[in-house]
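>>> below: sequence and its predicted model.
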Protein chains: 2
Amino acid sequence: MEFQNCFPVWKKLNAVHREKLLGSLVSRTVKKGTVLHNGDNDCTGLLLIKSGQLRAYILSDEGREITIYRLFDRDMCLFSASCMMRSIQFDITIEAEKDTDLWIIPAEVYQGMMAESAPVANYTNELMATRFSDVMWLIEQIMWKSLDKRVAAFLLEEISIEGTDTLKITHEAVANHLGSHREVITRMLKYFQNEGMVKLSRGTITIADAEKLEELCEG
Amino acid sequence: MEFQNCFPVWKKLNAVHREKLLGSLVSRTVKKGTVLHNGDNDCTGLLLIKSGQLRAYILSDEGREITIYRLFDRDMCLFSASCMMRSIQFDITIEAEKDTDLWIIPAEVYQGMMAESAPVANYTNELMATRFSDVMWLIEQIMWKSLDKRVAAFLLEEISIEGTDTLKITHEAVANHLGSHREVITRMLKYFQNEGMVKLSRGTITIADAEKLEELCEG
């Protein structure tokens, strides 16, 4: 897989930018669970995923988590280079949810291109708008949706990502995605099990009736 | 007040852009309560506030509201021109909270400048990052802060904006800012009154002990 084919505005870059970009790229392979970026302590650079899966989340003072968005093959992570823009006043943690191959673009190289190239700046705008839309969707979920619907939607998203009905995921991990508590999620999943929607066993959740889960989401 | 002094990247525009921008500007005066932009039904254009105050909020299917951010003198509203960027996939309502004088920049004029000018595109990036930071702050509030702290913080923000300790605001309006219900807010305000932090009368909330409210926020 070549960087040129994965970076959407490559064709709009001039020769100087192309050379500088290729010369500064870092390829990295990280194991599932690796924290790639941690709040504003570091300015990791932009991450372009070759293959794998990343999760961006925020942490409360008490260590609670909520997933803000997830990134997949060919997605670009902007907020791991938040030092690049002074108006970004929030801290995000980025963690590999699967073993991941990625390129890192140093923040100062990207920032230089963005200052000189309208196409790069506009591409960055679209990236940020995409994440903004994710976050607005999240606010709507938190504010207006009950937790049963949010858990059902999360399980359906997971089976779609994983391509299997048997999810290897702990109740605590579900809680951390949704900004809830493990006990609350366990109670909800047991209710789902009683309703015949899932089957629970140690470390796995098996979807038994996806249709019923979808009805719950939409109802 | 001249547009040239209020638009931060004016000096970086070329002559063609300057002429096009000034030729397409619309000046408008709106009364408090006017809805300037309503979801994705219209593409109002960018709003640059001369003087006044706007509120951006989202609505649930049941008509509940929550304030996403507020805009003051010389602030620019980007999401009233969301048609400009295809990655903006959410609907926001913009309403005047006070009588407001503003300029409207047509979306297609701004979009044209942004496509050609890196400074305009980067200014737009910073604008979006600022609003993104507002929204991330909001998520943290909703997720990790109890409602008493959020009400206290809102009242302190209001007296700072209004420059007075006597706020002409209904309990329903407070609920709509915070995404809560009127009954819940009324109960909370009565508790604040019992604690000596506010005095309530029809249509007004008077701050009696700002220091105690601040302690509550920070505690």
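Cool, the structure landed. Residues are numbered from 1 along each chain as shown, chains lettered A, B, ... in the order given.
>>> quick one: low-confidence ranges for chain A?
Where chain A drops to pLDDT under 70, the residues are A:40-41.
>>> where along it do the strands fall?
Under the criterion DSSP state E, chain A contains strands at A:26-30, A:35-38, A:46-51, A:54-59, A:65-71, A:76-77, A:93-96, A:100-105, A:166-168, A:198-201, A:204-207.
>>> closest to B:Gly163 out of those strands?
Closest of the strands of chain A to B:Gly163 is strand A:54-59, at 33.3 Å (criterion: Cβ to Cβ). For every residue, glycine as well, the C-beta is placed using N, CA and C.
>>> what pairs with the closest one, and is each one parallel or antiparallel?
Using DSSP bridges, the strands paired with strand A:54-59 are strand A:65-71 (antiparallel), strand A:93-96 (antiparallel).
>>> deepest in the core, which of the strands of chain A is it.
strand A:76-77 (a mean of 23; mean count of other Cβ atoms under 10 Å in any protein chain shown).
>>> contacting residues around A:Cys217?
By Cβ atoms under 8 Å, 6 or more residues apart in numbering or on different chains, the contact set of A:Cys217 is A:149, A:152-153, A:156.
>>> and which of those is nearest chain B?
Distance to chain B, by Cβ to the nearest Cβ, is smallest for A:Lys149 among these, at 12.7 Å.
>>> ok, that closest one touching A:Glu215?
No: taking contacts as Cβ atoms under 8 Å, A:Lys149 lies outside contact range of A:Glu215: 10.5 Å.
>>> who has more neighbours out of those two?
Just comparing A:Lys149 and A:Glu215: by other Cβ atoms under 10 Å in any protein chain shown the higher neighbour count belongs to A:Lys149, 16 against 12.
>>> which ones are touching that one?
With Cβ under 8 Å, 6+ apart, A:Lys149 has these contacts: A:216-217, A:219.
>>> list the buried ones in the longest helix seen in chain A?
In terms of residue count, the longest helix belonging to chain A (DSSP state H) is helix A:118-144. The neighbour-count check on helix A:118-144 (16 or more other Cβ atoms under 10 Å in any protein chain shown) flags A:118-125, A:127-136, A:138-144 as buried.
>>> returning to what we had before: Serialize the strands paired with strand A:54-59 to CSV and add fields for distance to A:Glu211.
Formatted as CSV, those follow (distance: least, Cβ to Cβ, whole Å):
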stretch, distance to A:Glu211
strand A:65-71, 24
strand A:93-96, 32
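>>> B:Ser82 is nearest to which of those strands?
Closest to B:Ser82 of these is strand A:65-71 (Cβ to Cβ; 18.8 Å).
>>> residues in contact with that closest one?
A:47, A:49, A:53-59, A:77, A:92, A:97, A:131, A:134-135, A:138, A:161, A:176-179, B:136, B:139, B:143.
>>> A:Lys31: neighbour count?
9.
>>> residues touching it, list them.
Contacts of A:Lys31 by Cβ under 8 Å, 6+ apart are A:96, A:99.
>>> that one and chain B, how far apart?
28 Å (Cβ to the nearest Cβ, to the nearest Å).
>>> likewise A:Lys168?
With distances taken as Cβ to the nearest Cβ, A:Lys168 is found 26 Å from chain B.
>>> quick check: bridge partners of that residue?
Under the criterion used (DSSP bridges), A:Lys168 bridges to A:Thr204.
>>> for the residue nearest the centre of chain A, name its beta-bridge partners.
Central residue of chain A (Cα atoms, centre = their mean): A:Arg70, 1.6 Å from the mean position. Under the criterion DSSP bridges, A:Arg70 forms beta bridges with A:Arg55.
>>> and it, how far from A:Ile161?
To A:Ile161, A:Arg70 is 8 Å away according to Cβ to Cβ, to the nearest Å.
>>> residues that sit against both of those two, list them.
Common contacts of A:Arg70 and A:Ile161 (Cβ under 8 Å, 6+ apart): A:Gln53.
>>> which one is A:Gly52 nearest to, not counting chain neighbours?
A:Thr100 (2.6 Å; Cβ to Cβ, 6 or more residues apart in numbering or on different chains).
>>> that neighbour against A:Leu48, yeah?
No: applying Cβ under 8 Å as the test, A:Thr100 and A:Leu48 come out as separate, 10.9 Å apart.
>>> quickly list the domain ranges of chain A.
Split into domains by automatic domain parsing, chain A comes to A:3-141, A:145-218.
>>> first-to-last residue distance for the longest one?
Right, the one you point to is domain A:3-141. One end of domain A:3-141 to the other measures 35 Å (Cα to Cα, to the nearest Å).
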